[in-house]
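1. next input, structure requested:
(3 chains)
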Amino acid sequence: MYGKGILKGLGVTLKRFADTYLDDISWWLQGRKRYYTQEGIAHRSSKNTRGIFTVQYPEEQLIQPEEFRYVPFLVYNEGAEGKKEVRCTSCGICAKVCPPQCIWIVRTNDPNTGKPVPEPKNFYIDMDICMNCGFCAEYCPFDAIKMDHDFAIASYGRNVYNLEKLLKPASYYAEIRPLNYVKEEDARKAKEAAKAAKAEAAA
Amino acid sequence: MEENKYEGLNLPNYNIPEDIQNVVSVTTIDRLYNWGRRWSVWPLMFGLACCAIEMIAAQASRYDMARFGMEVMRPTPRQADMMLVSGTVTKKMLPSIIRLYNQMPEPKYVVAMGACASSGGPFKEGYNVVAGIDKFLPVDVYIPGCPPTPQALIAGMIKLQEKIDKQSIKKVRWYEKGKVDSNYVPMPILGPDLIDVRRSAEFEAAAVKKEGVA
Amino acid sequence: MTAPASTLTLDLVSASLVARFPDFVTADARPGFSGFIVKKENLVEVATALRDEFGFDLLSSVTGVDYLAENKMEVVYHAHRTTGGPGLVFKVQAERVDPVEVPSLIDVWAGADFQEREAWDLLGIKFTGHPDLRRILMWEGFEGHPLRKDYKEAFFEEETKPYKSRWPEGNHTYAEFKNPFRDNLNLPENFSLDNYQPQTEDQLYFSLERSSQKHDVGREKEMGDHMVVNMGPHHPSTHGVLRVAVELNGETITSLKPVMGYLHRNHDKIGERNTYLQIMPYTDRLDYFNSMANNFGYAIAVEKLMKIPVAERAEYIRVIMTELSRIQNHLIFIGMLINDMGSMYTPSLYAFEERELILDIFEAVSGARMMCNYFRFGGVVRDVPEDVLRKIKDLVHDRLPAKTDEMERFLNENEVLVARLKGIHVLNAEEATHHSVTGPCLRAAGVPYDLRRADPYSVYDRFDFDVAVRYNGDMYDNYLIRFDEIRQSLRILEQALKQIPGGPINSQKPQYQVRVPAGEAYGRVESPKGELAYYVVSNGKPNPYRYHVRAPSFVNLTAVETMCKGVKIADFVVLLAMLDIVMGEVDR
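-> Residues are numbered from 1 along each chain as shown, chains lettered A, B, ... in the order given. Next up, the predicted model:
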């Protein structure tokens, strides 16, 4: 019969249409909230999702996986009295590995001896060149540069971030990447313990 | 009339004095005008590169830009309000983009989506890449990212809406007298390289000097 | 493991080829290099013999290498058999004088057409006998051949990355300030706009049939009604910034020429400046639907050069990711095809839903939705966590099969769709192989050529799957074969998920500077669009000497003129959609 295929197709759209309401109703009957809740967003991103698929940014936000990466930022440890202990030692590996070469580092030199000090004097990342590849974070030996989760950084002008704008506390890092943070901290502690044990043995 | 006194009226969430709440509705022409415009920014259906795919994704069901009145992608520039420069602008493509921009009626906005449109991005060093569309067009919002995720794009669109909110009908360029084509951009020429005709004298001087150096 | 379908092994071919042409074919003896060097004068003869006598019916890639120090140019050809087996590489060398001349192979393999034009455009190699040797990626009138080693672009800073200005005295400056023109601009000396005559596009229009026969008195009247229409580069249905100059007789296409380069982002030139690792994220941006497949091809090419093994678990992860990427690519293809046919939104929105779910997985393992940058030499960057593996299993076992069924129920029998697609010829087997078309379009024409089976790479030889093939070569077959491929990908995924072993995910230590011995490698994979290959030449330094991408979309476009002659203009849009081109890959 001519038109059977079209009817079949319309059946699919009709089912989809009905699903929109059926799913809402079933959630309502179960007393659960489908919108504006973490549970609801997780459901809409799971294999069982049917009906309305939209995640209504900015009211709702997709659950970001830990590895999600946007632009890089620099981590500092919160020292005593709010002192920012910048993890970066300005070794320059991130600047070397950066594919579009958008990282610029000025190394600090000791004013008396002229020898380099392991701390950046300034650090620039041209966010309008950055390709979000994540190499800098991947190859940083000091866990000092990490990829951010914050993507709402649109602005009315060009974006060249300097050291001040790049710095974020380690607690923020622990918040966005808890598993990685714990892993790195454990590795650091193990390394320190090994070092201490070695020093003890030598003594 | 003291203009400053009423400036706050243009901003959203203007506080109406308590005693006249629920009695009057205070608005200004600006707010009404901007409210209408901010919820009906029609983008030009126009994609350049990778970012265009994220733009399509933002239009699709998960992010659904229709919630912002931005779902009506117009293939013709005559009906579009916003040009979303989504991707690398190459020298070869630039004349077409400028022609499209010149055909768009005012009010028009340009959003540079992603690193490439903002400044050439990872491909900046390439010989066929324009180092940022803002060299030629007035860009309103820059969205970093390579590519910006659909959510980041929507965040940028909200930024654009905020910009629209702050505009005043008295000062906008498209109602200024005698300045009908204030934003007309002359077409660049594809010669031995891309030449911005507005700067041609400067280029010629530099070219002569270059020889002098050599 | 499947045996290679060909009867002649590569060694046998080499022996008999040298025996057949002892005077002008010599083996390439440089360390790390393979194949033959053919004398320039006898190139066409040898190529014809390769095609007709040795069965190399598919010309995979043509590209040039500029050996500046040795003052010569080399053109490298890779030929394959559609029956399977490894490919054959042969080269021609020419003095680096102006112009460099090499005979064209367009009469032997029509697939050489665009690739030779590209070599002319970027390297300045003149292919004598090519009927339409215009610039292809840059515009006519552009000065210089950018891929030559002595060409320096406006923002040139140093020969290789990393640049010294970034560290330790890295005060940020814009690249513009280093250029005399304060812009990405390279003008010849003493340039003046007043006496500059811009080149017109006459050459393009003369290459169309009507113009070339304009002076043919007998046909003048007949050709008089023809109209030339430019579609693109801003056109909603050309899948990006492709422009096609079409000559129409009424509504029927009589002649057409694609014009590309509107997204030419200088991948090859930037790649030759990058270190080996730095190229990896750039490959993501070739075919931006399938960054996983792009990574795969490049990783294979460099691993071949480095002669390193790949960790077992990583091999499986690679296969899983690439097949997922193929599924989402084909789903989008179907959605966009229907979009191009005028049914806006609904089917493509359905397709995008499944795509989002697959992208969620990419985001969880690699960190980015589209630009995954997930592969490293010897493995992948990080392991797939158990919960993500669970999620992939859920998708592969439950959701995707059901949704593919739904999609087929939704569209396949739709009378309008069938009327638009059925019986409209795309390509037959002969045309497709002659024009070097690969991927689903070739298989829909009845040639069961799929690299995963024809020349198995990675662990594809361990899976039980069929090469999707259909025989009518019309649009409907081209459409249906995408569903077939989705099903086969699901089959592969099921097995891969079952077999995936534990263990390390990289055979190498993480390192940002890899040591690559001198030599050449051609790494090819079956990307969803066709045969994606990387030709990498190393001279032992941290940067590749030559890096070339054989992009399936670009080469498939060679056939577009053959495909579209004589069809209605409305069908042309759908035919173009059938090729499933992505401009990032076409223009690179």
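
2. residue C:64 contacts residue C:76, doesn't it?
-> Yes. Assessed by CB atoms under 8 Å, residue C:64 is found in contact with residue C:76 at 7.1 Å. C-beta: built from backbone N, CA, C; applies to glycine.

3. worst-scoring helix or strand of chain C, pLDDT-wise?
-> helix C:220-224 (a mean of 57; mean pLDDT, DSSP states H and E).

4. okay, now residue B:119: neighbour count?
-> By other CB atoms under 10 Å in any protein chain shown, the residues close to residue B:119 number 27.

5. contacting residues around it?
-> By CB atoms under 8 Å, 6 or more residues apart in numbering or on different chains, the contact set of residue B:119 is A:126, A:128, A:129, A:158, B:131, B:132, B:134.

6. confirm that the second one sits in a helix.
-> No. Assessed with DSSP: H, G, I helix; E, B strand; the rest coil, residue A:128 is coil; it does not lie in a helix.

7. what about it, distance to residue C:452?
-> 40 Å (CB to CB, to the nearest Å).

8. the strands in the stretch 201-350 of chain C, which residues?
-> C:227-231, C:243-249, C:252-259 (DSSP state E, counting those that start in this stretch).

9. same question for chain B.
-> Per DSSP state E, chain B carries strands over the ranges B:82-86, B:109-113, B:141-143, B:189-190, B:194-195.

10. export the ones you listed to a markdown table and append columns for distance to residue B:171.
-> Formatted as a markdown table, those follow (distance: least, CB to CB, whole Å):
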| stretch | distance to residue B:171 |
| --- | --- |
| strand B:82-86 | 20 |
| strand B:109-113 | 16 |
| strand B:141-143 | 19 |
| strand B:189-190 | 34 |
| strand B:194-195 | 34 |
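
11. relative to residue C:102, which of those is closest?
-> Among the strands of chain B, the nearest to residue C:102 by CB to CB is strand B:189-190 (28.0 Å).

12. quick check, the closest one touching chain C?
-> Yes. Strand B:189-190 reaches chain C (CB under 8 Å from any CB of the partner chain) through B:189, B:190.

13. which strands border that strand, and is each parallel or antiparallel?
-> Sheet pairing here is set by DSSP bridges, and for strand B:189-190 it gives strand B:194-195 (antiparallel).

14. what's in contact with the partner strand?
-> By CB under 8 Å, 6+ apart, strand B:194-195 touches B:91, B:94, B:130, B:188, B:189, B:203, C:184, C:185, C:187, C:193.

15. mind listing the strands for chain A?
-> Using DSSP E, strands in chain A cover A:72-78, A:84-86, A:103-109, A:116-126, A:145-147, A:160-161, A:167-169.

16. which stretch among the ones you listed is buried most, on average?
-> strand A:145-147 (a mean of 24; mean count of other CB atoms under 10 Å in any protein chain shown).

17. can it be found next to chain C?
-> Yes. Strand A:145-147 lies within reach of chain C by CB under 8 Å from any CB, at residue A:147.

18. what distance separates that strand from the centre of its chain?
-> 8 Å (CA atoms, centre = their mean, to the nearest Å).

19. can that strand be said to contact chain B?
-> No. Contact of strand A:145-147 with chain B is not found when judged by CB under 8 Å from any CB; the minimum separation is 11.7 Å.

20. which residues touch the closest residue to chain C within chain A?
-> Of all residues in chain A, residue A:5 sits closest to chain C, at 3.1 Å by CB to the nearest CB. For residue A:5, the contact set (CB under 8 Å, 6+ apart) comprises C:412, C:413, C:414, C:415, C:417, C:418.

21. so how far is residue C:410 from the residue lying closest to the third one once chain neighbours are set aside?
-> Spatial nearest neighbour of residue C:414, chain neighbours left out: residue A:5 (4.5 Å); criterion: CB to CB, 6 or more residues apart in numbering or on different chains. Taking CB to CB as the measure, residue A:5 falls 10 Å from residue C:410.

22. kindly report the same for residue C:26.
-> For residue C:26, the distance to residue C:410 - CB to CB - is 58 Å.

23. equivalent analysis for residue C:568, please.
-> 26 Å.

24. also residue B:207?
-> 60 Å.

25. more neighbours, the two?
-> residue C:410 (25 against 22).

26. wait, residue C:193 touches residue B:196, no?
-> No. When contacts are counted by CB under 8 Å, residue C:193 is not listed as touching residue B:196 (10.6 Å).

27. overlap in contacts of these two?
-> residue B:203.

28. the more surrounded of these two?
-> Neighbours per residue (other CB under 10 Å) separate residue C:193 from residue B:196, with residue B:196 holding more: 20 against 16.

29. that one and chain C, how far apart?
-> Per CB to the nearest CB, to the nearest Å, residue B:196 is found 7 Å from chain C.

30. contacting residues for the closest residue to that residue other than its chain neighbours?
-> The spatially closest residue to residue B:196, leaving aside those adjacent along the chain, is residue B:188, at 5.2 Å (CB to CB, 6+ apart). Residue B:188 makes contact with B:94, B:95, B:98, B:136, B:194, B:195, B:196, B:197 under the criterion CB under 8 Å, 6+ apart.
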